[in-house]
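Colleague: task: produce atomic coordinates for the following.
(one chain, ligands or ions: 1)
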Amino acid sequence: MKLTPEAMMKGESRVESQESRVEGRGTPDPRLQTLDYPLCTMKILVIHGPNLNMLGKRDQSLYGSKTLEEVNSLLQEQGKELDLDVVPFQSNHEGTIIDFIQSESPQAAGIIINPGALTHYGFSLRDALADTGLPVIEVHLSNIHAREEFRQKSVIAPIARGQISGLGWQGYTAALKILAGQVKGI
Ligand code: DQA
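Modeller: Next up, the predicted model:
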């Protein structure tokens with residue numbers, strides 16, 4: 001089909017207007033502007049101190065029958081429901097726990113910790129936790145206040161938001177629910 005000069009003119013203007021629409025796509029719509037940092041799920045560190053790798057084998061009347069792996073997977077499942085990334089860690093060594101706290105806390109929103117026996121004398125652990133500036137919840141499977149005198153004192157408690165003691169593995173899930181509310185401000 002032969003185009004009249006007018007039709008060609010119209011065609012040209014059509015091309016021009018298409019180009020200008022294409023160019024227009026590159027212009028950010030202020031209503032659709034995104035954050036200049038990636039949206040990511042908040043991290044909660046769940047730290048277990050010495051001997052907690054033996055859960056399930058340790059005195060079940062004090063510490064329950066669940067293994068550490070079972071407790072951690074329950075928390076990770078709960079974390080998904082709360083839109084939180086639960087990062088579990090266990091070590092029998094205070095320095096290794098401190099190294100973990102120092103390297104991971106800058107990317108984390110909060111900490112749940114069962115410090116095991118370090119609860120009662122772990123001053124460097126306490127300092128490392130305090131240095132993070134993050135909300136910390138201390139958890140104990142057994143009721144440390146109803147046990148030997150040396151267990152009734154926690155050097156961690158004064159720098160923690162709170163302590164949950166004596167409620168078994170449910171102490172961890174309660175701590176995660178509470179911490180989720182606190183870090184999300186709800
Ligand atoms: C514990 C209590 C501590 O006194 C003890 O040393 C533990 C476990 C608890 O979860 O009840 O290892 O932290």
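
Colleague: what residues are bridge-paired with the residue nearest the centre of the chain?
Modeller: Nearest residue to the geometric centre of the chain (C-alpha atoms, centre = their mean): Ile44, 1.7 Å. On the basis of DSSP bridges, Ile44 is bridged to Val86, Gly110.

Colleague: wait, it touches Ala175, no?
Modeller: No. In this structure, Ile44 is not within contact of Ala175 by C-beta atoms under 8 Å, at 9.3 Å. C-beta: built from backbone N, CA, C; applies to glycine.

Colleague: overlap in contacts of the two?
Modeller: Ile112 (C-beta atoms under 8 Å, 6 or more residues apart in numbering).

Colleague: give me the buried positions along stretch 87-102.
Modeller: Residues of stretch 87-102 classed as buried by neighbour count (16 or more other C-beta atoms under 10 Å): 87-91, 94, 97-98, 100-101.

Colleague: quick one: which of those is nearest the ligand?
Modeller: The ligand lies nearest to Gln90 out of the buried residues of stretch 87-102, by C-beta to the nearest ligand atom, at 11.3 Å.

Colleague: identify the residues contacting the closest residue to that closest one other than its chain neighbours.
Modeller: Of all residues not flanking Gln90 in the chain, His48 sits nearest, at 4.0 Å (C-beta to C-beta, 6 or more residues apart in numbering). Contacts for His48 (C-beta under 8 Å, 6+ apart) come out as 68, 88-91, 113-114, 116.

Colleague: could you list which of the residues you listed belong to helices?
Modeller: Leu68 (DSSP state H).

Colleague: quick revisit: just the ones of the buried residues of stretch 87-102 in strands?
Modeller: By the criterion of DSSP state E, membership of the buried residues of stretch 87-102 in strands covers 87-90.

Colleague: what kind of secondary structure is the residue nearest to Gly162 when sequence neighbours are not counted in?
Modeller: Counting by C-beta to C-beta, 6+ apart, Gly162 lies nearest to Ile137, which is 5.8 Å off, once chain neighbours are set aside. Taking DSSP: H, G, I helix; E, B strand; the rest coil as the rule, one finds Ile137 in the strand state.
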